[in-house]
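Visitor: below is the sequence, then the predicted model.
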Amino acid sequence: MAKRTTKLQQLAQVGPVPKTGQATETLCTEFLDYLRGECHLAPNSIAAYGRDMRRFVDWVGKRRLADLTISDLSAYMGVLRTFDLAPASIARNIVAVRTFFKFLQLEGIVVDNPAELIATQKMWQRIPSVLTIRQVDKFLRAPKKTDAFWLRDVAMLEVLYATGCRASEVCTLRVRDLSLADRYLKCEGKGGKQRMVPIGSGAITAINRYCAELRGKLAAKMPHPPEELFLSRSGRPLDRIQLWRLVKQYANRAGIDSKISPHSLRHSFATHLLAGGADLRQVQEMLGHASIQTTQIYTHVEHSRLKKVHQQFHPRA
């Protein structure tokens, strides 16, 4: 560790380098290794942090990290807003820079952490897009028998809404993770954390039919049949991009807002549970949120819906 720290300190203190940001880029690579090896972040989180850090490296240029001030980093936050990033992406960039500077402190590269003073956006003000129950019904009926893989697509959409699982969790769901007789499945969330999620009759029926009539044919296209439940036309596991495109395709067919994504079904799942009287802690457990604060955003969604109902129907609204 001592040799590594010395090397990193030397990189942080170097003057102008032939390639812009070369020293900072090397430190960012070390940082991502730290997140992967010591913080055990999920691959998708590592990839997101990597994109954030590449943007940060470009902005830092040849400046020394130890010379950056809170004013400099605040200016960087202003630069982020010129990229037309979503509020969640800007908030994640702030977290990435904060965590990076904490890493630099641990390595003895900087003494102070100016990133701690960066103000974060109030994420609760950003209400997620949620489908109505009627829209969900139309959406789940969007795949037709004329579609080549409609049995798979029906089962996939049913699982997304029935469980509230993330797109990556649905793509990595394995056949052995299913316990349909007991009406639940096991999924692996962020950081490799596993949780048991209840599943309803509609999704169970769709999965059984897909497995009985289509999945075996798709799996047979591969020399070593994959374990994953949802397979592409080539027999390989369905990936997040393919899932995202299918959701967009069926949302358009159902006449639903084009901004709908796989995560919209997760939002809808949580909001509809709370509307039905579910306890916030129970919803947190089903979603796999580490903090109850993350789940609380859905109480704001539900309150906004109730406000609209009140304004529409109350005689003195």
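Guide: Now that the structure is in, tell me what you want to look at.

Visitor: so what does the longest helix belonging to the chain touch, helix or strand wise?
Guide: If you go by DSSP state H, the chain has its longest helix at helix 87-106. When contacts are defined as 3 or more C-beta pairs under 8 Å, 6 or more residues apart in numbering; DSSP states H and E, helix 87-106 packs onto helix 22-37, helix 43-60, helix 70-81. Placement of C-beta: from N, CA and C, glycine included.

Visitor: residues making contact with it?
Guide: 12, 27-28, 30-31, 34-35, 48-49, 52-53, 55-56, 65, 73, 76-77, 80-81, 85, 110-111, 113-116, 118, 120-121, 123, 126 (C-beta atoms under 8 Å, 6 or more residues apart in numbering).

Visitor: residues making contact with the next helix or strand after that helix?
Guide: Next helix or strand after helix 87-106 toward the C-terminus (DSSP states H and E): helix 133-140. Defining contact as C-beta under 8 Å, 6+ apart, one finds that helix 133-140 is touched by 131, 154, 157-158, 161, 202, 250-251, 254-256, 260, 265, 268, 272.

Visitor: can you tell me which of these is nearest residue 237?
Guide: For those, the residue nearest residue 237 by C-beta to C-beta is residue 157; the value is 17.2 Å.

Visitor: roughly how far does the closest one sit from residue 165?
Guide: Distance, residue 157 to residue 165, using C-beta to C-beta, to the nearest Å: 12 Å.

Visitor: neighbour-wise, which of those two wins?
Guide: Shown here are residue 157 and residue 165; by other C-beta atoms under 10 Å, residue 165 has more neighbours (28 against 25).

Visitor: now that one. Nearest residue, chain neighbours left out?
Guide: Closest residue to residue 165 apart from its sequence neighbours, by C-beta to C-beta, 6 or more residues apart in numbering: residue 187 at 5.3 Å.

Visitor: before we move on, back to that, and of the helices and strands packed on helix 87-106, who's closest to residue 173?
Guide: helix 43-60 (15.2 Å).

Visitor: low-confidence ranges, this structure, go.
Guide: Residues of the chain meeting the criterion pLDDT under 70: 1-22, 119-128, 258, 299-317.

Visitor: quick one, domains of it?
Guide: 2-125, 133-313 (automatic domain parsing).

Visitor: winner for burial among those domains?
Guide: When you average the neighbours per residue for each of these (mean count of other C-beta atoms under 10 Å), domain 133-313 leads with a mean of 17.

Visitor: what about residue 185, distance to residue 201?
Guide: 14 Å.

Visitor: residue 171 too?
Guide: Using C-beta to C-beta, we find residue 171 at a distance of 23 Å from residue 201.

Visitor: same question for residue 174.
Guide: Distance from residue 174 to residue 201, counting by C-beta to C-beta: 22 Å.

Visitor: out of the contacts of helix 133-140, which two sit at the greatest distance?
Guide: Using C-beta to C-beta, the contacts of helix 133-140 reach their maximum pairwise distance at 202 and 255, which is 21.2 Å.

Visitor: out of the helices and strands packed on helix 87-106, which is closest to residue 280?
Guide: Nearest to residue 280 among the helices and strands packed on helix 87-106 is helix 43-60; the distance by C-beta to C-beta comes to 24.4 Å.

Visitor: show me what the closest one is packed against.
Guide: Using 3+ C-beta pairs under 8 Å, 6+ apart: helix 43-60 touches helix 22-37, helix 70-81, helix 87-106.

Visitor: ok, 7 Å please
Guide: Using 3 or more C-beta pairs under 7 Å, 6 or more residues apart in numbering; DSSP states H and E, the elements in contact with helix 43-60 are helix 22-37, helix 87-106.

Visitor: the helix or strand containing the residue nearest to residue 165: partners in the sheet, and parallel or antiparallel?
Guide: Assessed by DSSP H and E, residue 187 sits inside strand 184-188. Within its sheet, and counting by DSSP bridges, strand 184-188 is paired with strand 178-179 (antiparallel), strand 194-198 (antiparallel).

Visitor: just how off-centre is the first one within its chain?
Guide: Counting by C-alpha atoms, centre = their mean, to the nearest Å, strand 178-179 is centred 24 Å from the centre of its parent chain.
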